[in-house]
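Colleague: Sequence below, structure please.
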Amino acid sequence: QVQLVESGGGLVQAGGSLRLSCLASGRTYSVDTMGWFSQPPGKEREFVASISWSGGSTYYADSVKGRFTISRDSAKNTVYLQMDSLKPEDTAVYYCAASRSRTITARSPDEYRYWGQGTQVTVSS
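Modeller: Presented below is the predicted three-dimensional model:
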């Protein structure tokens, strides 16, 4: 099992920044890809970004390219999502997820086995 705990959400004005963190514990050696997903109110969970746990390769949804940056600190078992130039439409619960697959371009939540509890991000206009 792998446990994931997100932190760093909150309320920010449009144009502002937030950094989300995801601390992984347990059998992290079984994880190859880490991802972030968002779930806006009343909508389905959507892919945001992913990163290869070993090599650091990254992949982004078109809607966040150039604004969000995913990174990882292997020594701390932590993945980050730096969110800049935030927009009201970025308002959502953000979830960290872990996959045993090496395919970082997997965008479906079904590709990810482990999930955190989510952290709320609210962007005011």
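
Colleague: ok, now which ones touch Ile70?
Modeller: The contact partners of Ile70, taken as Cβ atoms under 8 Å, 6 or more residues apart in numbering, are Met34, Trp36, Ala49, Ser50, Ile51, Thr58, Tyr60, Val79, Tyr80, Leu81, Gln82. In short, each C-beta sits where N, CA and C put it, glycine included.

Colleague: contacting residues for the residue most central in space within the chain?
Modeller: By Cα atoms, centre = their mean, the mean C-alpha position of the chain lies nearest to Trp36, the distance being 2.0 Å. Trp36 makes contacts with Leu20, Cys22, Val48, Ala49, Ser50, Ile70, Val79, Leu81, Tyr94, Tyr95, Cys96, Ala97, as judged by Cβ under 8 Å, 6+ apart.

Colleague: can you tell me which of these lies nearest to Ser124?
Modeller: Closest approach to Ser124 among the contacts of Trp36 (Cβ to Cβ): Tyr94, at 16.4 Å.

Colleague: which strand residues sit across from that closest one in the sheet?
Modeller: Counting by DSSP bridges, Tyr94 forms beta bridges with Ser38, Thr119.

Colleague: Now, the contacts of Trp36 that are in strands?
Modeller: Within these, membership in strands is found for Leu20, Cys22, Val48, Ala49, Ser50, Ile70, Val79, Leu81, Tyr94, Tyr95, Cys96, Ala97, as judged by DSSP state E.

Colleague: surely the second one meets Cys96?
Modeller: So the one you mean is Cys22. Yes - under the criterion of Cβ atoms under 8 Å, Cys22 makes contact with Cys96 at 3.4 Å.

Colleague: tell me, what's touching these two both at once?
Modeller: With Cβ under 8 Å, 6+ apart as the test, Cys22 and Cys96 both reach Leu4, Glu6, Met34, Trp36, Val79, Gly116.

Colleague: Among those, list the two that are farthest apart in space.
Modeller: Across the shared contacts of Cys22 and Cys96, the longest distance by Cβ to Cβ is 11.5 Å; it joins Glu6 and Met34.

Colleague: Compare those two (neighbour count), which wins?
Modeller: Met34 (28 against 22; other Cβ atoms under 10 Å).

Colleague: Please, which helix or strand holds that one?
Modeller: In this structure, Met34 sits in strand 33-39 according to DSSP states H and E.
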